[in-house]
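Enquirer: Sequence plus predicted model, see below.
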Amino acid sequence: MFISTLCCITAFASPYWTKRYLDTPKDFENIGLWELCLYKYRHYKDDLQIPYTGCFWFWTNEMYRFRDWIIPPWFKWVQAFATLAFIFTIMTISSLAVAVFSSFRWQWKYQLAWCIISFVIFAFELIAIIIYGIYSQDRLWMPRPEFNYLSYSYWFQFAALVFALGACGLFAGEVQFLRAPYEGDVEDKQYNDEYGYTVSNGSHRQLTSGRNRKPQSDL
């Protein structure tokens with residue numbers, strides 16, 4: 001999950017989801033989820049035909065003339081799902097950092113919660129890269145898409161979802177491991193979940209209770 005977090009942050013922050021090949025015209029250079037880099041670029045919808053050079057955040061004043069072109073509806077969905085995945089990833093890794101120094105990491109309910117959240121992160125990131133992979137070649141969005149290619153930020157997002165899915169599988173295995181000693185003994189499992197006993201503590205409690213129990217001949 002930590003590796004998935006690093007990949008997710010890199011993809012979220014770096015402006016290299018799409019990049020132009022080096023031996024092609026350089027009016028468009030690269031674009032990310034929040035930033036666009038141009039070199040002497042003139043957009044056909046700009047009445048002033050001002051050449052744009054440099055990297056621009058989508059919500060700067062320079063971009064207001066053709067912001068609708070830069071952020072079509074499908075791109076907003078990519079931003080939305082990538083942002084949700086980023087938020088859930090930060091929440092998950094933060095809770096795991098706390099769990100390292102706490103005893104509740106041994107309770108299967110929390111492991112199950114992390115398993116579900118990891119799968120949700122995987123689903124959000126999968127939707128984001130599928131939508132972007134399909135529509136990034138749209139000629140109405142980026143001129144001459146045959147000169148562009150999906151760059152490392154996009155593939156970092158792909159790596160993030162792979163590691164998130166792997167973390168989901170490991171959490172699921174941990175849930176089965178923690179539940180195994182208590183299957184068939186509902187009362188002991190509930191007592192362990194409520195008071196935070198480990199497996200050894202639960203077994204010791206059973207032995208102590210058995211030792212103090214009166215024999216059948218005395219009843």
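Expert: Everything's here; your move.

Enquirer: need the strands for the chain, in chain order.
Expert: 18-20, 28-31, 35-41, 52-57, 148-150 (DSSP state E).

Enquirer: count of residues packed around residue 164?
Expert: A count of neighbours around residue 164, defined by other C-beta atoms under 10 Å, yields 29. Placement of C-beta: from N, CA and C, glycine included.

Enquirer: What score does it have for pLDDT?
Expert: Looking at residue 164, its pLDDT reads 95.

Enquirer: Contact partners for residue 25?
Expert: 144, 147 (C-beta atoms under 8 Å, 6 or more residues apart in numbering).

Enquirer: for residue 166, same thing?
Expert: Residue 166 neighbours (C-beta under 8 Å, 6+ apart): residue 4.

Enquirer: ok, it to residue 127 distance?
Expert: 19 Å (C-beta to C-beta, to the nearest Å).

Enquirer: Ok, residue 96 next?
Expert: When residue 96 is compared with residue 127 (using C-beta to C-beta), they lie 24 Å apart.

Enquirer: Check residue 36 too.
Expert: In terms of C-beta to C-beta, residue 36 sits 22 Å off from residue 127.

Enquirer: Among those two, which residue is more densely surrounded?
Expert: Set residue 36 next to residue 127 and count neighbours by other C-beta under 10 Å: residue 36 wins out with 23 against 18.

Enquirer: All the helices of the protein, in order from the start?
Expert: Listed in chain order, the helices of the chain (DSSP state H) span 2-13, 67-70, 73-100, 108-135, 152-179, 186-195, 199-212.

Enquirer: could I get those helices as a markdown table with distance to residue 54?
Expert: Formatted as a markdown table, these follow (distance: least, C-beta to C-beta, whole Å):
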| stretch | distance to residue 54 |
| --- | --- |
| helix 2-13 | 18 |
| helix 67-70 | 15 |
| helix 73-100 | 21 |
| helix 108-135 | 23 |
| helix 152-179 | 19 |
| helix 186-195 | 57 |
| helix 199-212 | 60 |
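
Enquirer: In space, what's closest to residue 133 - neighbours in sequence excluded?
Expert: residue 150 (6.9 Å; C-beta to C-beta, 6 or more residues apart in numbering).

Enquirer: got CSV for the strands of the chain, with mean pLDDT and distance to residue 11 too?
Expert: Putting the strands of the chain into CSV (pLDDT from 0 to 100; distance: least, C-beta to C-beta, whole Å) gives the following:
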stretch, mean pLDDT, distance to residue 11
strand 18-20, 89, 12
strand 28-31, 85, 13
strand 35-41, 85, 13
strand 52-57, 83, 17
strand 148-150, 88, 11
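
Enquirer: could these be laid out in JSON lines, adding distance to residue 123?
Expert: Output for the strands of the chain, formatted as JSON lines (distance: least, C-beta to C-beta, whole Å):
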{"stretch": "strand 18-20", "distance to residue 123": "23"}
{"stretch": "strand 28-31", "distance to residue 123": "24"}
{"stretch": "strand 35-41", "distance to residue 123": "26"}
{"stretch": "strand 52-57", "distance to residue 123": "28"}
{"stretch": "strand 148-150", "distance to residue 123": "20"}
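
Enquirer: wait, which of these is closest to residue 1?
Expert: strand 148-150 (24.7 Å; C-beta to C-beta).
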